[in-house]
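Peer 1: Based on what follows, work out the 3D shape:
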Amino acid sequence: MTAIDSSLTAEELATQPDCWRRAAALAGPSAAALPRRGERIAVVGCGTSWFMAQSYAALREAAGQGETDAFAASEFPGARDYDRVVAISRSGTTTEVLTLLGALRGRTATTALTADPNTPVMTTADQVVVLDFADERSVVQTRFATSALALLRAHLETDTAAGTAGPGSIAGPGSIAKAAEDAERALEAPLPDGLLTADQITFLGAGWTNGLALEAGLKMREAARFWTEAYPAMEYRHGPIAITSPGRAAWMFGELPEGLAGDVAATGGLLVADSGTGGLDPMADLVRAQRLAVALAAARGLDPDNPRALTRSVQL
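Peer 2: The predicted structure follows:
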């Protein structure tokens, strides 16, 4: 067994296809706790959970389900009124999340998605959905975050299909069943050529995939201390593209905007763009980025399970 295969992060990220299927199966039984069509909601989290919140917010609005904002829990605008606030917290102990839920009690309906049913979030939120099968021992989040997004995506699929908009309105993604199949392919396929020797990667997204791009960049920084940046794809050309050059890469999640391939080629950099229509589901493409983070950590002699200066939960 190699160092890559033996890490907790590698073991946990490899279980994502099954975790996503289990999360999707929870969408129906959990419907009463999840946002209803037409509700004005905010989704909050910290770090990885915040990025999943951003992806879900974009998906929900694109599906015509209602106005949806996403915030870091510490930056929630207290003066705004929402019908419901959804908090994503793997540990159920993060200070900023618990503080916000406490402040909203009795004023705004709250729902928490968590992996641990033995934590304060169980009584701080009005309703809780527990994804304990997706909990992790590694400090670095992989399967819990994507399983939370899988649950929310599956709920959108069901709710949108029952409404007037139709499933095609969910801004590009297919079903979670297909995403899980694509993730199985992403776990087996070789990593994109040139990335293990690249000295910098810029991750790009658009709409709901922008949150995935942000998360891919974070995984590389956490697990491998690797220099990454992340931007909306159209914003990349407004300055950040200047960092791309030979030996560096740009990785697009979802559909590649027209002309971007030529712009990257002109820099001499490497372009990775294998998700979207006809390719991998972008969540499955994130699995490839997670694998790359673990591989780079191993190449650098680092422990991807215990990143420098990080803990499983920030408790202040």
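Peer 1: Please make it C-alpha for all contacts and neighbour counts, starting now.
Peer 2: Will do.
Peer 1: gap between Ala25 and Ala150?
Peer 2: 10 Å (Cα to Cα, to the nearest Å).
Peer 1: more crowded one of these two?
Peer 2: It is Ala150, of Ala25 and Ala150, that has more neighbours when counted by other Cα atoms under 10 Å, with 30 against 16.
Peer 1: CA atoms only for the helix or strand harbouring that one, dumped as CSV, please.
Peer 2: Per DSSP states H and E, Ala150 falls inside helix 143-162. What follows is helix 143-162, C-alpha atoms only, in CSV (Å, rounded to 0.1, in the frame of the first residue of the first chain):
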residue,chain,number,x,y,z
ARG,A,143,-17.0,13.2,1.5
PHE,A,144,-19.1,15.1,4.1
ALA,A,145,-19.1,18.3,2.2
THR,A,146,-19.9,16.7,-1.2
SER,A,147,-22.5,14.5,0.4
ALA,A,148,-24.3,17.5,1.9
LEU,A,149,-24.3,19.0,-1.6
ALA,A,150,-25.6,15.7,-3.0
LEU,A,151,-28.5,15.7,-0.5
LEU,A,152,-29.4,19.3,-1.4
ARG,A,153,-29.1,18.6,-5.2
ALA,A,154,-31.3,15.5,-4.9
HIS,A,155,-33.9,17.6,-3.0
LEU,A,156,-33.8,20.1,-5.8
GLU,A,157,-34.2,17.4,-8.4
THR,A,158,-37.2,16.0,-6.7
ASP,A,159,-38.8,19.3,-6.0
THR,A,160,-38.2,20.9,-9.4
ALA,A,161,-39.4,17.8,-11.2
ALA,A,162,-42.7,18.1,-9.2
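Peer 1: quick one: average pLDDT of that helix?
Peer 2: Mean pLDDT, helix 143-162: 89.
Peer 1: Residues touching that helix, excluding its own?
Peer 2: Contacting residues not belonging to helix 143-162 are listed as 12-13, 15-16, 19-20, 23-28, 31, 34, 37, 48-49, 52-53, 55-56, 59-60, 63, 65, 88, 90, 113, 115, 131, 134-136, 166-167, 169-170, 175-176, 283 [Cα atoms under 8 Å, 6 or more residues apart in numbering].
Peer 1: swap the cut-off to 6 Å and go again
Peer 2: With Cα atoms under 6 Å, 6 or more residues apart in numbering as the test, helix 143-162 has contacts from 13, 16, 20, 23-24, 27, 134-135, 166-167.
Peer 1: Give me the subset of these that lies in helices.
Peer 2: Those of the contacts of helix 143-162 mapping onto helices are 13, 16, 20, 23-24, per DSSP state H.
Peer 1: still on that earlier bit, please identify the buried residues of the helix holding Ala150?
Peer 2: For helix 143-162, burial by neighbour count (16 or more other Cα atoms under 10 Å) applies to 143-161.
Peer 1: can you confirm Glu258 is in a helix?
Peer 2: No - counting by DSSP: H, G, I helix; E, B strand; the rest coil, Glu258 is not part of a helix but coil.
Peer 1: what pLDDT does it get?
Peer 2: 96.
Peer 1: ok, it - contacts?
Peer 2: By Cα under 6 Å, 6+ apart, Glu258 has no neighbours at all.
Peer 1: Quick one: the helices in the stretch 151-300 of the chain, in order.
Peer 2: 176-188, 209-224, 233-236, 260-267, 282-299 (DSSP state H, counting those that start in this stretch).
Peer 1: Buried ones in the longest one, by neighbour count?
Peer 2: It refers to helix 282-299. Neighbour counts over helix 282-299 (16+ other Cα under 10 Å) mark 282-298 as buried.
Peer 1: likewise stretch 261-272?
Peer 2: Neighbour-count burial for stretch 261-272, counted by 16+ other Cα under 10 Å, picks out 261, 264, 267, 269-272.
Peer 1: Ala58 reaches Trp208, doesn't it?
Peer 2: Yes - using Cα atoms under 6 Å, Ala58 is in contact with Trp208, at 4.9 Å.
Peer 1: now the residue nearest the centre of the chain, what's its secondary structure?
Peer 2: In the chain, the centroid-proximal residue (Cα atoms, centre = their mean) is Met52; its distance is 3.8 Å. Three-state call for Met52 (three-state DSSP): helix.
Peer 1: returning to that earlier point: distance to Gln127 for the helices of the stretch 151-300 of the chain - can I get that in JSON lines?
Peer 2: As requested, the helices of the stretch 151-300 of the chain are arranged in JSON lines below (distance: least, Cα to Cα, whole Å):
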{"stretch": "helix 176-188", "distance to Gln127": "24"}
{"stretch": "helix 209-224", "distance to Gln127": "25"}
{"stretch": "helix 233-236", "distance to Gln127": "36"}
{"stretch": "helix 260-267", "distance to Gln127": "44"}
{"stretch": "helix 282-299", "distance to Gln127": "26"}
